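Participant: okay, sequence plus prediction incoming.
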Amino acid sequence: MASEKLNEALNMQLKEELKSAYLYWAMAADFEAKNQKGFAGWFKAQAGEEMIHVMKIYGFLYERLSKAELPALEKPQASWSSPLEAFEAALKHEKFITGCIHSLYKQAKDLGDYAGEVFLQWFVNEQVEEEANADEVVQKLQTLGNQPMALYLLDKELGARKPPFSLQG
Ligand code: OFO
């Protein structure tokens, strides 16, 4: 049976996912301003992924005859000193989100909310990919250091990442 307690916790996670989208969008805006369009594109695609996570939780709450509550969001950080700093922050953030998802999953289990547990399984797996994606870029940046040509090529490579839906106006 759908637990009200889990619905409340899912609403809180909705806020975390929105904050993730907002953070990555802020990173994209910073790279855009520095003319590093590939890094910007990667983060725009990531912000799009986060909006999919938001909409999954939003839809699930309504299927459970509950209601999604849209929260106020704090202003995100506006600039990062280097691509490495931004991607390290993204990886740290994803680890934090993994922790949130794991505690939600445990809550669903403890409450005997089976539908919630199955729903959250998708997020548990998704977080493995989320961390791996950010970690891959962190490792590349650590290897490349601050060599301008290497950063130029990585910017180009990351620009090939496709957003999950069209972000054109
Ligand atoms: Fe929604 O997974 Fe990233 O934050």
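Facilitator: Thanks, I have the structure now. Just so we're clear, the structure is a prediction, and the values are computed from it rather than from any experiment.

Participant: nearest spatial neighbour of the closest residue to the ligand within the chain, skipping sequence neighbours?
Facilitator: Nearest residue of the chain to the ligand, counting by CB to the nearest ligand atom: Ser20, 3.4 Å away. Placement of C-beta: from N, CA and C, glycine included. Setting aside the residues directly before and after it, Ser20 is nearest to Glu50 in space (CB to CB, 6 or more residues apart in numbering), at 4.3 Å.

Participant: the one you found: which element?
Facilitator: Assessed by DSSP states H and E, Glu50 sits inside helix 37-63.

Participant: now for that helix, which elements pack on it?
Facilitator: Judged by 3 or more CB pairs under 8 Å, 6 or more residues apart in numbering; DSSP states H and E, the packing partners of helix 37-63 are helix 4-33, helix 83-111, helix 114-144, helix 148-158.

Participant: buried sites along that helix?
Facilitator: 37-51, 53-54, 56-58, 60-61 (16 or more other CB atoms under 10 Å).

Participant: just stretch 147-167 next, same as before
Facilitator: Quick answer for stretch 147-167 (16+ other CB under 10 Å): 151, 154-155, 158, 163.

Participant: can you list the residues of this structure near the ligand?
Facilitator: Counting by CB under 6 Å from any ligand atom, the chain comes close to the ligand at 17, 20, 50, 53, 94, 97, 130.
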